[in-house]
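1. Build me a model:
(2 chains)
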Amino acid sequence: MITNIESLKKIRDQFKPVVDFRKENSPDATKVLVCMGTSGIAAGAREILLALASEVTDKQIHNVIVTQTGAADIPGAEPVLKVAKNGETVTYVNMTPEKALRILNEHVVQGTVVSEYTLDAANAK
Amino acid sequence: MYRSHILVCGGTGCHSSRSAEIVEKMQEELAAVGLTDEVQVVQTGCFGLCALGPIVIVYPEGAFYSHITPEDVKEIVDEHLLKGRIVKRLLYQETLDGDNIKSLNETSFYNKQKRIALRNCGVINPESIDEYIGTDGYLALAKVLTEMTPDDVIDVMLKSGLRGRGGAGFPTGMKWNFAKAQPKGQKYVCCNADEGDPGAFMDRSILEGDPHAVLEAMAIAGYTIGANQGYIYVRAEYPIAVKRLQIAINQAREYGLLGKNILNTGFDFDIDLRLGAGAFVCGEETALMTSIEGNRGEPRPRPPFPAVKGLFGKPTILNNVETYANVPRIILNGADWFRSMGTEKSTGTKVFALGGKIKNTGLVEVPMGTTMREIIEDIGGGAPSGKKVKAAQTGGPSGGCIPADLFDTPVDFESLQAIGSMMGSGGLVVMDEDNCMVDIAKFFLDFTVGESCGKCAPCRIGTRRIYEILTKITEGEAEMEDLDTLKELCMHVKQNSLCALGQTAPNPVLSTMQYFMDEYIAHVRDKKCPTGVCQKLLQYVIIPEKCTGCTLCKRNCPVEAIDGKVKEKHTIDTSKCIKCGVCMEKCRFGAIIKQ
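-> Below is the predicted model of the structure:
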């Protein structure tokens, strides 16, 4: 039973993200892609995808699409995460949910690439 | 929390092409690969592009899959949801742009649309009040109850310029004001969901896709005029709409958004459904109310108008589904926002049901003042055969045919009336070169003859006489004088009928006579149907040069009207021929034609 406008707004705030999820994203939205080929899934890509997706919903981060893509084809680097922002794609390797959330916060939201996790950094080692 | 949402259209059109099965199968397949907790399957209302149904949209990517069958489901789940590879072969091809997918709003069908009344159709689950509230649902009711007086509401409605979407275009605020001005006491709020025009399905889609919007608007209307009871009169032929409305009413009652003391403000309001048996005349307001009262649906003279003496003799307002669907947004966003769309006298948007000879059959919502050409050619994609569009019929059996050379007319109440048609509830039937306009007029009159309630003589007898003359014309038995009689009869029926059914029934005849007189004359004077639709005016003949004497036509003719021996030229005896067309269908040499 809803007896006042505040409790109505509470339900609204709870379900608004659900409904907004289905709105058309603008073409300039940042894409966060989790590589989910067989090896990626085996290495734990699913946990990363779910961690990112729930963070985006919970913190109501707008204009970001968290989705999956095919195998990364980078041996020994799975799980792999790609962030496509402003026309540039950065590839991150050997991900864990914690690292992925840090990338979401620092790269996607604040705009600073987390250079220590990138493929380039891994290759340089 | 779900990482992906699969929206499956559950409107009547997609439902008939097995969308319910698709939902079931989707859940099975998701369970099989263990994704049930990550992916949500939602059955929504209509997306609008019915020609491509059943439609499935997957978010967050916004992948728009068309013509999906239950057999395609496994591929979508395995490829797209499990491995993240969009199934390109099932995508609506217009959204495919190289390796990327385009947003729906960039396609020609959607980019000129402005969805206000249809805002939640195809977005929310119509059977979830929570999702409706998630779109600011019931906040307009809350705002009205806590911050506004009834006069404030009327003020906003009047300023918004909202006019009735059922056809006549009466200003909604004015209607509410009349009912409010009546002395306090029992009053009623009714919703006309008796959508009867052939080819119109706007209201059905709103009820199926966003039922709570209508309930909320009716409660707002109840508060404004001082009513505590509402009725929705919906036809029993809309089983999905009826079911979802009932679910919505139950949910709203459970949440206390209908019933006693809503939001602790002391305002009581409840809504009940009344099912109609599908009589066209019950879309007329007085007949509708007579039917709710439990009597045979017949109109009565006005005045007194329903706002003064309506349902059970009490002051009543009656608005159309689409009109109500606009109300909560107007309250939340303000009158100026609504006025910013459309034209000066016809504000806001209008939903049209595109049907007939058109590529993108479906529902479109455009700002008032959009031209017919934009709707038919740009959004609708023109005739599917690539043939030339000849005319469009707006307003169903009450409206008129608009010829293609007037397609630059803006769609608003005044402009359509000026060219002999009307807005109507929003049915838009497109005709191409293969349609005979006399036959079209006859089709609509056949409908009104059957639907006339019989109460007043001009309509009961007049429409039948009009139909008889049209039949004579299509059978080649009419004289030129009959055309004058026809016109005179039409004017008579128009001027003397009791209700809008009879007053508008001659419109299809008058408008086709106005714009396609040459076709009438061809039927009457030359005894020819230029499009080859009217059977009685046709003759099947064999072209001797092409006939090989195979005897196939002769053997298949059911009335032995074809004469000829093996390897000799055959002939058709036109006095025996019943024009069934079997010979033409069977001939392998294209030697038989109709002329």
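2. can you list the residues of chain A near chain B?
-> With Cβ under 8 Å from any Cβ of the partner chain as the criterion, chain A meets chain B at residues A:1-5, A:8-9, A:11-12, A:14-19, A:21-27, A:33-34, A:36-37, A:49-50, A:53-54, A:57-58, A:65-70. Backbone N, C-alpha and C define where each C-beta goes, glycine included.
3. Quick check on the residues you listed: which are buried?
-> Buried residues within the residues of chain A next to chain B, counting neighbours by 16 or more other Cβ atoms under 10 Å in any protein chain shown: A:2, A:5, A:8-9, A:11-12, A:15-19, A:21-22, A:25, A:33-34, A:36-37, A:49-50, A:53, A:57, A:65-69.
4. Mind checking which of the residues you listed are in helices?
-> With DSSP state H as the criterion, helices contain A:5, A:8-9, A:11-12, A:15-19, A:49-50, A:53, A:57 from among those.
5. Now tabulate the residues you listed in TSV and tack on pLDDT.
-> Shown next, in TSV, are those (pLDDT from 0 to 100):
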residue	pLDDT
A:5	94
A:8	96
A:9	96
A:11	96
A:12	95
A:15	92
A:16	90
A:17	85
A:18	88
A:19	90
A:49	89
A:50	88
A:53	87
A:57	80
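6. Could you tell me which residues make contact with residue 22?
-> Unless you meant another one, I'm taking chain A. Shown in contact with residue A:22 (Cβ atoms under 8 Å, 6 or more residues apart in numbering or on different chains): B:5, B:7, B:57, B:59, B:123.
7. hmm, I had chain B in mind actually
-> Neighbours of residue B:22 in contact, by Cβ under 8 Å, 6+ apart: B:8, B:54, B:56, B:68, B:69, B:70, B:73.
8. Need the buried ones from those residues selected in ChimeraX.
-> Here is the ChimeraX command that selects only those of those that count as buried (16+ other Cβ under 10 Å):
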select /B:8,54,56,68,70,73
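9. Show me the contacts of residue B:22 that map onto helices.
-> Using DSSP H, the subset of the contacts of residue B:22 located in helices is residue B:73.
10. Nearest to residue B:553 among the contacts of residue B:22?
-> Nearest to residue B:553 among the contacts of residue B:22, counting by Cβ to Cβ, is residue B:69 at 39.2 Å.
11. gap between the closest residue to the closest one other than its chain neighbours and residue B:126?
-> The shortest distance from residue B:69 to any non-neighbouring residue, by Cβ to Cβ, 6 or more residues apart in numbering or on different chains, is to residue B:18 (6.9 Å). The spacing between residue B:18 and residue B:126, counted by Cβ to Cβ, to the nearest Å, is 19 Å.
12. Just the helices from the stretch 251-400 of chain B, written as ranges.
-> B:285-292, B:321-333, B:335-339, B:372-373 (DSSP state H, counting those that start in this stretch).
13. Could you dump those into JSON lines with distance to chain A, mean neighbour count and mean pLDDT added?
-> Formatted as JSON lines, the helices of the stretch 251-400 of chain B follow (distance: least, Cβ to the nearest Cβ, whole Å; neighbours: other Cβ atoms under 10 Å in any protein chain shown; pLDDT from 0 to 100):
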{"stretch": "helix B:285-292", "distance to chain A": "29", "mean neighbour count": "25", "mean pLDDT": "96"}
{"stretch": "helix B:321-333", "distance to chain A": "12", "mean neighbour count": "25", "mean pLDDT": "97"}
{"stretch": "helix B:335-339", "distance to chain A": "19", "mean neighbour count": "16", "mean pLDDT": "97"}
{"stretch": "helix B:372-373", "distance to chain A": "26", "mean neighbour count": "22", "mean pLDDT": "94"}
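14. want to throw the ones you listed into JSON lines with distance to residue B:239?
-> JSON lines is the format used below for the helices of the stretch 251-400 of chain B (distance: least, Cβ to Cβ, whole Å):
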{"stretch": "helix B:285-292", "distance to residue B:239": "19"}
{"stretch": "helix B:321-333", "distance to residue B:239": "16"}
{"stretch": "helix B:335-339", "distance to residue B:239": "33"}
{"stretch": "helix B:372-373", "distance to residue B:239": "33"}
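15. Out of these, flag the one nearest residue B:467.
-> Smallest distance to residue B:467 across the helices of the stretch 251-400 of chain B (Cβ to Cβ): 21.4 Å, for helix B:285-292.
16. Give me the contacts around the closest one.
-> Counting by Cβ under 8 Å, 6+ apart, B:190, B:192, B:194, B:231, B:233, B:274, B:276, B:279, B:281-282, B:296-300, B:302, B:306, B:310-311, B:316, B:318, B:453, B:499 sit against helix B:285-292.
17. rewinding a little: nearest to residue B:426 among the contacts of residue A:22?
-> With Cβ to Cβ as the yardstick, the closest approach to residue B:426 among the contacts of residue A:22 comes from residue B:123, at 20.6 Å.
18. Burial check on that closest one, number of neighbours?
-> The local packing of residue B:123 (other Cβ atoms under 10 Å in any protein chain shown) involves 25 other residues.
19. Now do the strands in chain A.
-> A:30-35, A:64-69, A:81-85, A:88-92 (DSSP state E).
20. Compare the mean pLDDT across the ones you listed and name the weakest.
-> The weakest mean pLDDT among the strands of chain A belongs to strand A:64-69, with a mean of 85.
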